[in-house]
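*Asks:* This is the structure alone, sequence omitted:
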């Protein structure tokens, strides 16, 4: 019994380390990307330099906060606050701009302002990972590719869709891709540095937000990931009587 407990603890720690490494990779990529831009451009306009520096500082702060949250995520209730999903998606697209330039991929946006109750930093990390996955999938078909991100609301729900125009995912793998360590194409995942952890983390975070994640049908090539979050209205103040 003691041996099994020790083995379970070791496995849990290994999974946590892998989860944490995966989540921290995206803000680090953004920081390095904007730092490279500032290094390469010897005569950068002051306004552009300030913008790059501002994004680097914001991503560094997010990295620090995210690492602390991941350390205490297991078994801890999330603290939710009002978050504008449209604004969040805009920031995610901006953070990935250096990666998009490098891979010659454009992002098409169709966003509306929608406010939900969420942990903004964890939701930002989730969205960045989905966009990064879409960039990698589209890059497999060559240069000058595109991905799409849209946000709409209706029936008390906010729906975010992230689409790539890559080779797609076989229907038989649609459910299993959200399982931890499952990879549709193991050789391709090794080439891109994937561990198979991203979508399992995304599903866990969506469940803890009272939402869901899944794939959706569409016309044409590629894959569309759909995030659904409830739009919770603020509680009405209680009536007061003299």
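*Replies:* Alright, I've got the coordinates. Note that this is a predicted model, so its numbers are computed, not measured. Numbers count the residues shown, from 1 in each chain.

*Asks:* Output the longest strand belonging to this protein.
*Replies:* In the chain, assigned by DSSP state E, the strand with the most residues is strand 145-154.

*Asks:* now for that one, which elements pack on it?
*Replies:* For strand 145-154, the packing partners by 3 or more CB pairs under 8 Å, 6 or more residues apart in numbering; DSSP states H and E come out as helix 85-95, strand 105-110, helix 120-139, strand 157-164. (Each C-beta comes from the backbone N, C-alpha and C, glycine too.)

*Asks:* for that strand, which positions count as buried?
*Replies:* Neighbour counts using 16 or more other CB atoms under 10 Å place 145-151, 153 of strand 145-154 among the buried residues.

*Asks:* distance between stretch 114-127 and the chain's centre?
*Replies:* Put simply, stretch 114-127 sits 9 Å off its chain's centre (CA atoms, centre = their mean, to the nearest Å).

*Asks:* Equivalent analysis for stretch 91-105, please.
*Replies:* Using CA atoms, centre = their mean, the offset of stretch 91-105 from its chain centre is 14 Å.

*Asks:* I'd like to know the average pLDDT value across it.
*Replies:* When pLDDT is averaged along stretch 91-105, the result is 83.

*Asks:* gap between the two ends of it?
*Replies:* 17 Å (CA to CA, to the nearest Å).

*Asks:* Identify the residues contacting that stretch?
*Replies:* With contacts defined as CB atoms under 8 Å, 6 or more residues apart in numbering, stretch 91-105 is touched by 27, 29-30, 33-34, 36-37, 55, 59, 106-107, 109, 124, 127-128, 131-132, 135, 138-139, 143-147, 149.

*Asks:* rerun that using 7 Å as the cut-off
*Replies:* For stretch 91-105, the surrounding residues in contact (CB atoms under 7 Å, 6 or more residues apart in numbering) are 29-30, 33-34, 36-37, 55, 59, 106-107, 109, 124, 127-128, 131-132, 135, 138-139, 143-147, 149.

*Asks:* Can you point out the buried residues in that stretch?
*Replies:* 91-93, 95-100, 103, 105.

*Asks:* Show me which of the contacts of stretch 91-105 are buried.
*Replies:* The buried subset of those - by 16+ other CB under 10 Å - is 29-30, 33-34, 37, 55, 59, 107, 124, 127-128, 131-132, 135, 138-139, 145-147, 149.

*Asks:* Following the lowest-mean-pLDDT helix or strand in the chain in sequence, what is the next regular element?
*Replies:* The helix or strand of the chain with the poorest confidence is helix 186-192; it has a mean of 40 (mean pLDDT, DSSP states H and E). Sequence order places helix 198-208 as the next helix or strand after helix 186-192, per DSSP states H and E.
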